[in-house]
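Enquirer: have a look at this prediction, sequence included:
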Amino acid sequence: MKSTLFSTILLFALVLLLAASCQEGENLGGDAEYRTNLDSVSYSLGYFYGSSMADEGIDDFNYRNFVAGFRKAMEDQEPDLDQMEMQLALQTFQTELQQRLDADRETSASANIEEGNRFLAENAERDDVVVTDSGLQYRVIEEGDGASPSQDSEVRVHYRGTLISGEEFDSSYERGQPAEFPLNRVITGWTEGLQLMQEGATYEFFIPSELGYGNNPPPGSPIQPGSVLIFEVELISVLD
């Protein structure tokens, strides 16, 4: 989830603060008007925070009840529900939302794992691809002649990461700067794969989901649950 349910609701409240001068009973779903810059700011915040809530899976939000509760709080009136009822409602909703997101993730992961397994099975038949006992696949683009890292080493590398569709999701080349990190703090496929390399080498790794991010890819990334990852990695140096 890109943000917690509660932080999203708090952000959405900011939008309503900008509309606090609206008269009671005004049509909340009417066409927007843009007479001042604040009108544009109000719409922009509403759109961006609405997008955030849609990403949370909240697609049936009751705007009128939200405004009713918001107004009562702003006017220091007693709420229609007591504190315990409101807390229970929020906790129940958050649990249900998380269960729905987990179910969607599992469904997506199953399809991606099936597609990834087909890709890896075909890829393993290539003459230039080696498959390790863990299931990691790699292809030597250029061998090196320097030191090899251990699993506790820190390394400096250039790399490019793509999905099996060919979509690039990360690249140190694009940023124009090599990456440095300890091998025991990256995905398992990297920890294993880079230990096969020597300084100066460039390998291509085909990493099964279970050696990558599994069903929990980084938030906001184009990587889907259960995805096979492909990395072209140049080992520049072993820093330790």
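Expert: All right, it came through fine.
Enquirer: for this structure, which spans come out with low pLDDT?
Expert: For the chain, the stretches with pLDDT under 70 are 1-30, 56-59.
Enquirer: now do the SS call for Glu192.
Expert: Classification of Glu192 by DSSP: H, G, I helix; E, B strand; the rest coil places it in helix.
Enquirer: next SSE downstream of the host helix or strand of Glu106?
Expert: Using DSSP states H and E, Glu106 falls within helix 83-123. As assigned by DSSP H and E, the chain's next helix or strand after helix 83-123 is strand 129-131.
Enquirer: how many neighbours does Gly226 have?
Expert: The local packing of Gly226 (other C-beta atoms under 10 Å) involves 26 other residues. Heads up, the C-betas are built off the backbone N, CA and C, glycines and all.
Enquirer: that one - that's part of a strand, no?
Expert: No - read with three-state DSSP, Gly226 is coil and lies in no strand.
Enquirer: can you pull the contacts of the nearest residue to Thr132 once chain neighbours are set aside?
Expert: Distances taken as C-beta to C-beta, 6 or more residues apart in numbering place Glu192 nearest to Thr132, at 6.8 Å, with adjacent residues excluded. Listed by C-beta atoms under 8 Å, 6 or more residues apart in numbering, the contact partners of Glu192 are 132, 134, 136, 211.
Enquirer: measure Glu192 to Asp128 for me?
Expert: Taking C-beta to C-beta, to the nearest Å as the measure, Glu192 and Asp128 are separated by 19 Å.
Enquirer: same question for Arg160.
Expert: Distance of Arg160 to Asp128, computed by C-beta to C-beta: 18 Å.
Enquirer: higher neighbour count, the two?
Expert: Arg160 (17 against 9).
Enquirer: which of the three states applies to that one?
Expert: From three-state DSSP, the assignment for Arg160 is strand.
Enquirer: which strand residues bridge it?
Expert: Beta-bridge partners of Arg160, counted by DSSP bridges, are Ser171, Glu232.
Enquirer: got the residue ranges for the helices in the protein?
Expert: 5-18, 37-55, 63-74, 83-123, 172-175, 188-194 (DSSP state H).
Enquirer: distance to Pro225 added to the ones you listed, as CSV?
Expert: Shown next, in CSV, are the helices of the chain (distance: least, C-beta to C-beta, whole Å):
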stretch, distance to Pro225
helix 5-18, 20
helix 37-55, 15
helix 63-74, 31
helix 83-123, 4
helix 172-175, 24
helix 188-194, 16
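Enquirer: so which of these is nearest Ser227?
Expert: helix 83-123 (5.3 Å; C-beta to C-beta).
Enquirer: and the angle from that closest one to helix 63-74?
Expert: Angle, helix 83-123 to helix 63-74, by axes from the mean of the first three to the mean of the last three C-alpha atoms, to 10 degrees: 130 degrees.
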